[in-house]
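J.: here's a sequence, model it:
(chains A, B and C)
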Amino acid sequence: MKKLPLSFYQREDVLQIATELLGKVLTTKWNGVETSGRIVEVEAYAGVADRASHAYGGRITRRNEVMYADGGVAYVYLCYGIHHLFNVVTHYKNTPHAILIRGLEPLSGVDTMLERVKKNQADYSLTRGPGNLSKALGITTGHSGISLKSRELFMADDGIGFHKTAIAVSPRIGVDYAGNDALLPFRFYIKGNPFVSGKPK
DNA sequence: GAGTAGATCCTCT
DNA sequence: GAGGATCTACTCA
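T.: Model (predicted):
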């Protein structure tokens, strides 16, 4: 398992990074308790020109300022007062690109995840959808801004991954308010994977 | 099975 | 003071 280098995140093409992120392994290790999963669904948010992005029009606030940092850090945000959404910041300083992790296939620490979500039995909803997966991995807004190469939270490549032909593209979810930008095909997922949110095909 | 309403709270205006 | 990068459960057919 190799941790992804900062050069992986610090590139200009957020869509390219998003597709390459599919199949990578996301691990959290709070207080020595490890949980991890393989990424099967992501969405790209392409900075100031993207109406669906928090950074649209160059807005910078205390909440989203971490998006303007150099690529390779986590951006965690609370939505609807209930759901924590985990994002990966990409590109370089002052360019607020981010990738939202929406779906994860559990690899290790499933028992811990179940405990966090208060379930007795593993089912697909455990790590399907951004709100659920953040909860399962124990990620909260307090983790916003930490490095993706830290000891507690990191992304890695275990050499398995998915083949390019397994990747499908679609418009993003839950961004109807963004007008035409809501139609952009910035969502990438693994075809047929049960941990992908939305309607199964 | 499909469609809809409700939960719930932090952040920005 | 309003609204949001969601999820779940419940209704109705």
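J.: where does the residue sitting furthest away from the middle of chain A land in three-state SS?
T.: No residue in chain A sits farther from the centre than residue A:120, which is 25.3 Å out by Cα atoms, centre = their mean. Following DSSP: H, G, I helix; E, B strand; the rest coil, residue A:120 is assigned to coil.
J.: ok, now which ones touch it?
T.: Contact analysis of residue A:120 by Cβ atoms under 8 Å, 6 or more residues apart in numbering lists residue A:114. C-beta coordinates here come from the backbone N, C-alpha and C atoms, glycine included.
J.: near DNA strand B, which residues of chain A show up?
T.: Residues of chain A lying near DNA strand B by Cβ under 7 Å from any atom of the strand: A:59, A:61, A:62, A:63, A:64, A:78, A:80, A:81, A:82, A:141.
J.: rerun at 10 Å
T.: Residues of chain A lying close to DNA strand B (Cβ under 10 Å from any atom of the strand) are A:54, A:57, A:59-65, A:77-83, A:131, A:141-142, A:144, A:199-200.
J.: any of those buried? List them.
T.: A:54, A:64, A:77, A:131, A:144 (16 or more other Cβ atoms under 10 Å).
J.: export those residues as a markdown table, with columns for distance to residue A:164 and secondary structure.
T.: Converted to a markdown table, those look like this (distance: Cβ to Cβ, whole Å; DSSP: H, G, I helix; E, B strand; the rest coil):
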| residue | distance to residue A:164 | secondary structure |
| --- | --- | --- |
| A:54 | 30 | coil |
| A:64 | 32 | coil |
| A:77 | 30 | strand |
| A:131 | 29 | helix |
| A:144 | 32 | coil |
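J.: farthest-separated two in these?
T.: Distance extremes for those: the farthest pair is A:64 and A:131 at 18.3 Å, using Cβ to Cβ.
J.: which stretches in chain A count as helices?
T.: A:6-9, A:14-21, A:110-117, A:130-137 (DSSP state H).
J.: the third one to helix A:130-137, inter-axis angle?
T.: On the basis of axes from the mean of the first three to the mean of the last three Cα atoms, to 10 degrees, helix A:110-117 is oriented at 120 degrees to helix A:130-137.
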